[in-house]
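Engineer: pasted the sequence and its predicted model underneath.
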Amino acid sequence: WTDVPLTSKGETEAKNAGKLLMDLNLKFDATYTSMLKRAIKTSWLVLDETDQCHVEENHSWQLNERFFGNLVGKTGSEADLTFGKENVVHWQKSYSKRPPSMPKHSSLYPGNKRQYTNITVPTSECMADVEMRVSELWETVLKKRVLKGEKLLICAHAICLKSLFKYLNDISEDEAVKVKI
């Protein structure tokens, strides 16, 4: 939920994806992104490359990246020193183990940001938590549109896309954490 800008590498990847989609002549009815600016900018770049800047835009917190709790704001080596490298690796790769929670009074806690005042922001998440919120968005919004024949561009973060893939394809937890997006 850390709102960092899209990198130049990310911009290049988004433009290249847009070119591939343009070559396939895919036309979108709407786009869904997380509420993080790098996902939003990715959708803009893809839509620009496909000449579809008029497409309906939707932003959903349910597509936000996984919230790593008290690991947020720490470099990899700082997290390793604080919590132990074995624990950090376990939290990163586990489907159901959450890292330590972030205190709600922390300046890094996203629940204190204006855009999240109407939701209950987690203090830490595992992949299972992400799957729960992404599958809820699928069941309440996305599925209905897809079943109507609409084509949706979803620009989100790897863990969200892996979680949606797991949910839609009913794959195991072990398989899900190995999926490459």
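Structural biologist: Ah, there it is.

Engineer: now the helices for the chain?
Structural biologist: Assigned by DSSP state H, the chain shows helices spanning 8-23, 37-49, 76-83, 85-93, 127-137, 143-147, 158-169, 173-178.

Engineer: to residue 114, which of these lies closest?
Structural biologist: helix 37-49 (14.3 Å; Cβ to Cβ). Where you see a C-beta, it was placed from the backbone N, CA and C, and this is true even at glycine.

Engineer: return the list of helices and strands in contact with the closest one.
Structural biologist: Taking 3 or more Cβ pairs under 8 Å, 6 or more residues apart in numbering; DSSP states H and E as contact, the helices and strands that helix 37-49 lies on are helix 8-23, strand 30-33, strand 56-59, strand 152-155.

Engineer: wait, isn't residue 121 in contact with residue 1?
Structural biologist: Yes - between residue 121 and residue 1 a contact is recorded at 7.4 Å, counting by Cβ atoms under 8 Å.

Engineer: show me the contacts for the residue nearest to the spatial centre of the chain.
Structural biologist: Geometric centre of the chain, nearest residue: residue 157, 3.1 Å, by Cα atoms, centre = their mean. Residue 157 is in contact with 34, 36, 39, 63-66, counting by Cβ atoms under 8 Å, 6 or more residues apart in numbering.

Engineer: what of residue 126?
Structural biologist: Residue 126 touches 66, 91, 94-98, counting by Cβ under 8 Å, 6+ apart.

Engineer: if I look at the residue in the chain sticking out farthest from the centre, how far off is residue 87?
Structural biologist: Taking Cα atoms, centre = their mean, the residue of the chain most remote from its mean C-alpha position is residue 81, at 27.1 Å. For residue 81, the distance to residue 87 equals 11 Å [Cβ to Cβ, to the nearest Å].
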